[in-house]
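Just need the structure, nothing else, for what follows:
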Amino acid sequence: MNPRQEAEFREFAAARRDALLRSAYLVCGDWHRAEDAVQTSLVKLYAAWTRTRRPTAEAYARQIVMRTLIDEGRRGWFRRERAYAAAPIEPASVTADTTGRIVALSALAKLPARQRATLVLRFWEDLSVEETAQALRCSAGTVKSQTARGLQTLRGLLDETQLTFGRGAAT
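Presented below is the predicted three-dimensional model:
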């Protein structure tokens with residue numbers, strides 16, 4: 001890789017890292033796993049940078065991140081890294097908006113990996129069905145069915161949460 005290409009890659013990585021990290025977090029629900037997935041995808045992208053077309057580099061990077069997260073979920077328990085200490089979470093103030101966001105993220109985390117990835121790409125990244133299918137390397141019909149199933153499951157999980165919060169507030 002020549003210095004100009006390396007500079008292009010650095011500029012691309014600096015500009016897109018945060019967006020890739022947010023998408024990865026929405027898929028896996030863990031900032032550490034998301035950072036690992038983005039780092040792994042940027043290393044893979046760096047190796048292929050000389051063969052990558054610049055207009056499609058962002059879509060290619062997003063595709064690598066999603067595949068990395070899905071493949072990581074397929075590994076056996078003996079090959080996964082485990083974290084034993086959880087980072088302390090101390091919200092400054094909990095408002096109705098942050099409570100709703102926490103509920104939505106926890107419901108999203110309960111979805112299967114494919115459905116979660118499909119919903120994040122379709123509604124967070126605002127990709128079309130075809131672009132999502134290309135990123136996940138599946139057919140457009142699979143994207144549509146995964147989206148429908150994911151939304152149905154997500155609605156059910158959110159309804160359960162609303163019922164639970166409603167009962168807790170009444171007692």
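
quick one: residue 160 from residue 34, how far?
Using Cβ to Cβ, to the nearest Å, residue 160 is found at 26 Å from residue 34. In short, each C-beta sits where N, CA and C put it, glycine included.

Helices of this protein, start to end?
3-28, 31-48, 57-74, 96-109, 113-119, 129-136, 140-170 (DSSP state H).

Next, format these as TSV and append mean pLDDT.
TSV is the format used below for the helices of the chain (pLDDT from 0 to 100):
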stretch	mean pLDDT
helix 3-28	92
helix 31-48	92
helix 57-74	86
helix 96-109	78
helix 113-119	90
helix 129-136	90
helix 140-170	79
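
and among the ones you listed, the most buried is which?
helix 113-119 (a mean of 23; mean count of other Cβ atoms under 10 Å).

if I pick residue 63, what's in contact with it?
By Cβ atoms under 8 Å, 6 or more residues apart in numbering, the residues touching residue 63 are 134-137.

Repeat the analysis, applying 6 Å as the threshold.
Residues near residue 63 by Cβ atoms under 6 Å, 6 or more residues apart in numbering: residue 135.

Next: the one 3 residues further on.
By Cβ under 6 Å, 6+ apart, the residues touching residue 66 are 117, 135.

let's see it at 7 Å
For residue 66, the contact set (Cβ atoms under 7 Å, 6 or more residues apart in numbering) comprises 27, 117, 121, 135-136.

Same question for residue 49.
1, 5, 9.

and if you look at residue 7?
Per Cβ under 7 Å, 6+ apart, neighbours of residue 7: none.

now with 10 Å?
residue 1 (Cβ atoms under 10 Å, 6 or more residues apart in numbering).

Residue 150 now?
Taking Cβ under 10 Å, 6+ apart as the test, what residue 150 contacts is 108, 111-112, 114-120, 122-123.

Distance of it relative to residue 28?
From residue 150 to residue 28 the distance is 15 Å (Cβ to Cβ).

domain assignment for the protein?
If you go by automatic domain parsing, the domain ranges for the chain are 1-76, 94-171.

hmm, back to that, just send the contacts of residue 150 back as CSV, with distance to residue 155 too.
Compiled in CSV, the contacts of residue 150 are given as follows (distance: Cβ to Cβ, whole Å):
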residue, distance to residue 155
108, 12
111, 11
112, 15
114, 18
115, 12
116, 14
117, 18
118, 15
119, 12
120, 16
122, 15
123, 13
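
Tell me the one of the residues you listed nearest residue 18?
Comparing the contacts of residue 150 against residue 18 with Cβ to Cβ places residue 120 closest, at 15.1 Å.

neighbours of the closest one, just the number please.
25 (other Cβ atoms under 10 Å).

if I read this right, it contacts residue 25, doesn't it?
Yes: applying Cβ atoms under 10 Å as the test, residue 120 and residue 25 come out as touching, 9.3 Å apart.
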